[in-house]
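Asks: What follows is a protein structure lacking sequence information:
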């Protein structure tokens, strides 16, 4: 009876994921037909929810490969039962990031020009290369963890021992890849010297800390959702290890977030003061949420040695929400700190930028764009998240993800 109940939950999750994907596809189809003007992005604000989601899902994908690598490189037995969930979660998240970036393209087929006429001097070209490699590495990690538990190999002790050794060897590739994908992707921002909020050598370093924090929190959340109470208790040391590593990464992320602020305040230029006003006043609530939510989770991860499933899940969700806000905050102050300025009568005058659309009663040129994702953007943005739900639910139905399962 209990087994039927669990199967019912998995099928329900699969259905929810499928419905999310259908709704997202419908919204995306409408966007393709009507044009990008149905979003709230404009010439003055060219990256929004989709690009933020792209960065966010890449960070989430890193956690699975990290958990996989840590389990086998350091032979952490309490973590090995969760490596299948971690590897599949990593693959689902990186595919979701690819979907998010395609949604950001008004004409998705233009992506073919990346292959036909590649610009090796562009960070975007190398981002595509590293993402493709990350997908390949994630697929191999999934195969290495899933195949030993198939019917053909389940009782083949020799095969299973060889598979574990192969996982250890492959972790030498997977471990650096988890960081490399975030470093390369963050260069899309760090190399843009016209955007003061992005142009920092610290962005790629902080991206690694954020990815470790949110990626491991995502992996912990998946394990908590899928594991029975008894399994959670039995292998709690593995969960606790991931939580402590995530807590250390959160501490590094918070410190580096404030270090990035110091040069802005120190320079004292009008441009820097305007950017600080955007960060602490215009978007002040979001800034403090991106700091405080992970901070609370860090405290729970560190002091809650005997945390129950519910509290671990809450802490993981706090990190996920906090880092998602951070990804959006990477965009909001940057685009509204327009680089074309001129000092006039002791004050900073910003050259207005054409919006790109004409709407009656709305300015054609603006110095600030109050970006909030439109309804179509939110619904289309459900597609990558729905894909993760669908893949994880399907994997739970098809594969033996935990030792407790027959």
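Replies: Looks like it came in fine. Just so we're clear, the structure is a prediction, and the values are computed from it rather than from any experiment. Residues are numbered from 1 along each chain as shown.
Asks: and the most far-flung residue of the chain relative to its centre, how far is that from residue 242?
Replies: Here the centre of the chain is the reference, and by C-alpha atoms, centre = their mean the most remote residue is residue 345, at 44.1 Å. Per C-beta to C-beta, to the nearest Å, residue 345 is found 56 Å from residue 242. In short, each C-beta sits where N, CA and C put it, glycine included.
Asks: Repeat that for residue 225.
Replies: Distance of residue 225 to residue 242, computed by C-beta to C-beta: 14 Å.
Asks: Also residue 387?
Replies: 23 Å.
Asks: Pick out whichever of these two has more residues nearby.
Replies: residue 242 (29 against 23; other C-beta atoms under 10 Å).
Asks: secondary structure class for that one?
Replies: Under the three-state scheme (DSSP: H, G, I helix; E, B strand; the rest coil), residue 242 adopts helix.
Asks: Leaving aside the residues adjacent along the chain, what's closest to it?
Replies: Setting aside the residues directly before and after it, residue 242 is nearest to residue 216 in space (C-beta to C-beta, 6 or more residues apart in numbering), at 4.7 Å.
Asks: again, but for residue 41
Replies: residue 48 (4.6 Å).
Asks: tally of neighbours for that neighbour?
Replies: What residue 48 shows, counting by other C-beta under 10 Å, is a neighbour count of 24.
Asks: Got the phi and psi for the residue nearest to residue 242?
Replies: Main-chain dihedrals, residue 216, degrees, to the nearest 10: phi -70, psi -30.
Asks: which residues touch it?
Replies: Residues touching residue 216, when contacts are defined by C-beta atoms under 8 Å, 6 or more residues apart in numbering, comprise 63, 66-67, 242-243, 245-246, 249.
Asks: And it, how far from residue 113?
Replies: Using C-beta to C-beta, one obtains 36 Å as the distance from residue 216 to residue 113.
Asks: What of residue 324?
Replies: Counting by C-beta to C-beta - residue 324 and residue 113 are separated by 30 Å.
Asks: Settle it for me: which of these two has more neighbours?
Replies: Between residue 324 and residue 113, residue 324 has the larger neighbour count (other C-beta under 10 Å), namely 20 against 10.
Asks: Disregarding residues adjacent in the polypeptide, which is nearest to that one?
Replies: Per C-beta to C-beta, 6+ apart, closest to residue 324 is residue 56, 5.2 Å.
Asks: by contact count, what packs against the strand or helix carrying the one you found?
Replies: Using DSSP states H and E, the secondary-structure element containing residue 56 is helix 49-73. For helix 49-73, the packing partners by 3 or more C-beta pairs under 8 Å, 6 or more residues apart in numbering; DSSP states H and E come out as helix 83-103, helix 123-146, helix 157-190, helix 202-226, helix 236-267, helix 309-329, helix 375-398.
Asks: 7 Å - rerun?
Replies: The elements that helix 49-73 packs onto, with contact taken as 3 or more C-beta pairs under 7 Å, 6 or more residues apart in numbering; DSSP states H and E, are helix 83-103, helix 123-146, helix 157-190, helix 202-226, helix 309-329, helix 375-398.
Asks: quick one: low-confidence ranges for the stretch 251-400 of the chain?
Replies: Residues of the stretch 251-400 of the chain that meet the criterion pLDDT under 70 lie in 304-306.
Asks: Kindly report the same for the stretch 101-250 of the chain.
Replies: Within the stretch 101-250 of the chain, the stretches with pLDDT under 70 are 153-156.
Asks: Quick check: residue 34 vs residue 277, distance?
Replies: Note on residue 34: its distance to residue 277, by C-beta to C-beta, is 35 Å.
Asks: What of residue 206?
Replies: Residue 206 is 22 Å from residue 277, by C-beta to C-beta.
Asks: circling back to that earlier point, can you tell me how far the residue nearest to residue 324 is from residue 347?
Replies: From residue 56 to residue 347 the distance is 37 Å (C-beta to C-beta).
Asks: out of those two, which sits in the more crowded spot?
Replies: For residue 56 and residue 347, the more surrounded residue by other C-beta under 10 Å is residue 56, and the numbers stand at 27 against 8.
Asks: List the contacts of the more buried one.
Replies: 323-324, 327 (C-beta atoms under 7 Å, 6 or more residues apart in numbering).
Asks: hang on, the earlier thing: ok, residue 34 and residue 277, which is more surrounded?
Replies: Using other C-beta under 10 Å as the criterion, residue 34 and residue 277 rank with residue 277 on top: 14 against 11.
Asks: For the one helix or strand that one maps to, buried residues please.
Replies: Element membership for residue 277, per DSSP H and E: helix 270-277. Using 16 or more other C-beta atoms under 10 Å as the test for burial, helix 270-277 gives 271-272, 274-276.
Asks: cool, stretch 284-301 as well?
Replies: Within stretch 284-301, the residues scored as buried using 16+ other C-beta under 10 Å are 286-287, 289-291, 293-298, 300-301.
Asks: Out of those residues, the closest to residue 179 would be?
Replies: residue 294 (18.8 Å; C-beta to C-beta).
Asks: can I assume that closest one is in contact with residue 250?
Replies: Yes - look at residue 294 against residue 250 with C-beta atoms under 7 Å: they come within range, at 4.6 Å.
Asks: Overlap in contacts, those two.
Replies: Shared contacts of residue 294 and residue 250, counting by C-beta under 7 Å, 6+ apart, come down to 213, 319.
Asks: now residue 349, what's its secondary structure?
Replies: Residue 349 - assigned by three-state DSSP - is strand.
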